[in-house]
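S.K.: Predicted model and sequence below, questions to follow.
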Amino acid sequence: VGFALASSSSSSSSSSSSCPSSETMSDEASSLPRWDLSRFGFPSPHSADLDDHVARTDAMSEAFRKTYEGNLESKLLDAVIEYEKIGVRRTTVGSYLSLSYDVALNDDALKKRKGAISERQSRSYGDHLSWFELDLAAMDDETLQGQYDATKDEQGGGLMKYKAYVDEVRRQRPHNLEKGVERALTVRSPYVGTRPLVSFVDRELSLMRFALPDAADGEEVNMEVLLSRLSSSKDAPFRAAALKSLNDGLGGAMVRISALSLSAVAGSWHVENAERKYASVRSRRNLGNNVPDEVVDSLLRGVREAGVPLCKRYYALKKRILSSTQGLETFRWSDRNAPIDIPSSSSSDGEEKKEDDKISWDAAVEMVERGYRKFSPAMAEMFLDQVREKRIDVPPVDAKKGGAYCAGVVPGLGPFQLLNFDGTKRDVATLAHESGHGCHDILAYDQGYLQYHPPLTLAETASIFGEMIVFRDLLDLASGPGERLSLLMSKIDDVINSVVRQCSFDYFEELAHGARERGELSAEELDGFWTRAVNEYYGVAGDEGGDSPFDSYEDISHLWAYVPHFHHVPFYVYSYAFADLVVGALYGSFLSKPEGFEDRLLDLLRAGGTKDFAEALGPFGLRPDDPEFWAEALGAHLGGLVDEAEELARELGYAP
């Protein structure tokens, strides 16, 4: 979820449609691929062509209201088709400007341009389009059925082609407000909603600089580079110092800015939930995902009951291995994602095989392509097309949005990936993940703009499956038990981060949103909620007399301040846990019954948003609506990986 264009010179008012100048990049970063946005058809974000496009879309929107408002009972199919065309045009412009800005967050002229177009499109939507889905949701069942019958054809076209979209709109009926209120909310959102604050947080985080530990020349780096070095270093003192640099840096003005934004987001969420009569704090997100509240509740409960003990068991193993291989005396939070340094039996002259050398971009592409091809040649070609067509912005440069995402944009234009690739194994996993999203988009585009995007609970299926097949390929190629253990431990880190940690994020959000009902949130209060969530899911640290394998949680109090999901998409994070466990179960299904599996999975991905999770997963024999599913999936997926790691550790003498 996210979306650029940087200045082509030192002036912040000059932009091009490809990528930033290399003047401010390192030589290494400047050689990495940038995405090419010229396929959008605009010479630059400031071009008159873009203004003409927006003006034409505004005219189409005005004509849409004049033609169809009050006439849906007889013209619903025509209205849906025209609404989709307008949506494609609106999203094309919005995506182009967002992608452009996300690699040029220091370009004030581009920020202003993006904001002005967003405000214009919000006014146009409020004035001419917001009525449509409200009237569609309010239409009585008999009239809607009449429209289905009147447009039916033998090829499954007509209005039935859009049934998934119509159903999604109509599920919101109990929660819609009056037309005038909905219009006012839409028109005002760019000015007085949470969007300006959230954008400001993104920008400030992208511009932050942090001291790099042990740098002789006092080198400072952006947050993405610091996080990469923290997770890839095999030097425990460096990791501890890097975490302190991150936490201290966030603990200045940034933590207060993030608190202000999160307080506004939680307040808005609370007010809208009450006004729209949602049953619980997550119900709004669950409805959008087409997942019943009780299924999400059973997921969170299953992770709490089965995942947390597995998490503690794993970190106890990791602590022993780090103590043996790196001389670790105190197991800190900074060691959580530390790579395992196993001496290689194949090394010559008693030297250890280097596992921490940087992976080149070309090597990363080769790894992902090879893993994809073993499972699905079709997905491998889709991945290579994304590389060849310059749809991926790769380097971790300054003034670029942090993290990674894949933007589907619209059928025929997308997808586009934003990465911050620094040559680590996790960066390879991220490439496999985001490329899975891209393959999912490409396969689902035939469903059309209104129906190609799956619900969040299925949106992560291809991405996490992509990670899994690349991991298993690398595991098969491992030179011996030491390398296998190193790869397994890294994968378990990722699964815990996707499942247990994301559910701890959800718990943090629950605490924050609950407190917001009683007043504005402070940075200190949010720091406390963050620590509480860590204690709940990882155990109380040893220096506090607890049972956690971690001896210390020093320098973690402000880390909530850089998690973008809390601001952009409240209560999104559980979907990572949902998808990771579903993919674990899918992979188990693949191993037990490989015949026809590729076709079944590709069919699931092609469905886009036309199937809910139960219908989509039925052909694989999976029942996530069964309360027992999640604990069983955890045991089979995460538990199986931990069992495998413990067995290898015993073989190598690192575990009793």
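M.R.: Received it, and whenever you're ready, just let me know what you need. Numbering: from 1, shown residues only.
S.K.: and Gly423, what does it touch?
M.R.: Applying CB atoms under 8 Å, 6 or more residues apart in numbering to Gly423 gives the contacts Lys358, Ile359, Ser360, Trp361, Ala364. For the C-beta atoms, the positions are set from N, CA and C on the backbone; glycine is no exception.
S.K.: That one belongs to a helix, doesn't it?
M.R.: No. Looking at Gly423 with DSSP: H, G, I helix; E, B strand; the rest coil, it is coil, so not inside a helix.
S.K.: before we move on, the earlier item: filter the contacts of Gly423 down to just the ones in helices.
M.R.: Here DSSP state H is the test, and the contacts of Gly423 give Trp361, Ala364 as lying in helices.
S.K.: His558: which of the contacts of Gly423 is nearest?
M.R.: Lys358 (28.8 Å; CB to CB).
S.K.: Kindly provide the distance from that closest one to Ser334.
M.R.: Note on Lys358: its distance to Ser334, by CB to CB, to the nearest Å, is 21 Å.
S.K.: Which one of those two is surrounded by more residues?
M.R.: Ser334 (26 against 13; other CB atoms under 10 Å).
S.K.: Check the gap between the more buried one and Ala241 for me.
M.R.: Ser334 is 8 Å from Ala241, by CB to CB.
S.K.: got a markdown table for the contacts of Gly423, with distance to Glu628 and pLDDT too?
M.R.: What follows is the contacts of Gly423, written out as a markdown table (distance: CB to CB, whole Å; pLDDT from 0 to 100):
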| residue | distance to Glu628 | pLDDT |
| --- | --- | --- |
| Lys358 | 44 | 87 |
| Ile359 | 40 | 93 |
| Ser360 | 45 | 96 |
| Trp361 | 44 | 97 |
| Ala364 | 39 | 97 |
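S.K.: Helices of the stretch 151-300 of the chain, residue ranges please.
M.R.: Here the stretch 151-300 of the chain has its helices, by DSSP state H, counting those that start in this stretch, at 163-171, 179-192, 195-207, 223-232, 236-250, 253-276, 283-289, 293-302.
S.K.: Specify the stretch among those helices that is closest to Pro339.
M.R.: Between Pro339 and these, the tightest spacing by CB to CB is seen for helix 223-232, at 6.3 Å.
S.K.: What lies in contact with that closest one?
M.R.: Contacting residues not belonging to helix 223-232 are listed as 205-206, 208, 210, 212, 221, 238-239, 242-243, 245-246, 334, 337-339, 356, 396, 400, 402-403, 420, 422, 424-427, 562 [CB under 8 Å, 6+ apart].
S.K.: could you dump it to CSV, C-alpha only?
M.R.: The C-alpha trace of helix 223-232 is given here as CSV (Å, rounded to 0.1, in the frame of the first residue of the first chain):
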residue,chain,number,x,y,z
MET,A,223,16.6,4.7,8.4
GLU,A,224,16.3,2.0,5.7
VAL,A,225,20.1,1.5,5.6
LEU,A,226,20.4,1.5,9.4
LEU,A,227,17.7,-1.2,9.7
SER,A,228,19.4,-3.2,7.0
ARG,A,229,22.8,-3.0,8.8
LEU,A,230,21.2,-3.8,12.1
SER,A,231,19.5,-7.0,10.9
SER,A,232,22.5,-8.2,8.8
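S.K.: now the angle from the helix or strand that Glu632 is a member of to helix 293-302?
M.R.: Here Glu632, judged by DSSP states H and E, is contained in helix 629-651. Helix 629-651 and helix 293-302 are oriented at 20 degrees to each other (axes from the mean of the first three to the mean of the last three CA atoms, to 10 degrees).
S.K.: related to what we said a few turns ago, now the contacts of Gly423: which count as buried?
M.R.: Buried members of the contacts of Gly423, counted by 16 or more other CB atoms under 10 Å: Ile359, Trp361, Ala364.
S.K.: Show me where this protein dips below the pLDDT cut-off.
M.R.: Residue ranges of the chain with pLDDT under 70: 1-28, 154-156, 192, 344-356.
S.K.: where along it do the strands fall?
M.R.: Taking DSSP state E as the criterion, the chain carries its strands at 210-211, 220-221, 392-393, 405-407, 416-418.
S.K.: List the contacts of Leu559.
M.R.: Counting by CB under 8 Å, 6+ apart, the residues that Leu559 touches are Leu246, Asn247, Leu250, Trp530.
S.K.: Go through these and say which is closest to Lys277.
M.R.: Lowest distance from Lys277 to the contacts of Leu559 (CB to CB) belongs to Trp530, with 30.6 Å.
S.K.: on that earlier part again, of the contacts of Leu559, just say which sits nearest to Leu134.
M.R.: Nearest member of those to Leu134, counting by CB to CB, is Trp530, at 38.7 Å.
S.K.: That closest one: what's its closest spatial neighbour, skipping adjacent residues?
M.R.: Nearest non-adjacent residue to Trp530, counting by CB to CB, 6 or more residues apart in numbering: Trp560, 4.3 Å away.
S.K.: so how far is Gly640 from Ser557?
M.R.: With the distance defined as CB to CB, Ser557 ends up 34 Å from Gly640.
S.K.: With Arg170 instead?
M.R.: 41 Å.
S.K.: Comparing the two, which residue is more hemmed in?
M.R.: Arg170 (16 against 13).
S.K.: and that one, what does it touch?
M.R.: Contacts of Arg170 by CB under 8 Å, 6+ apart are Leu136, Ala137, Met139.
S.K.: Surely the second one touches Gln172?
M.R.: Yes. Using CB atoms under 8 Å as the test, Ala137 is close enough to Gln172 to be in contact (5.7 Å).
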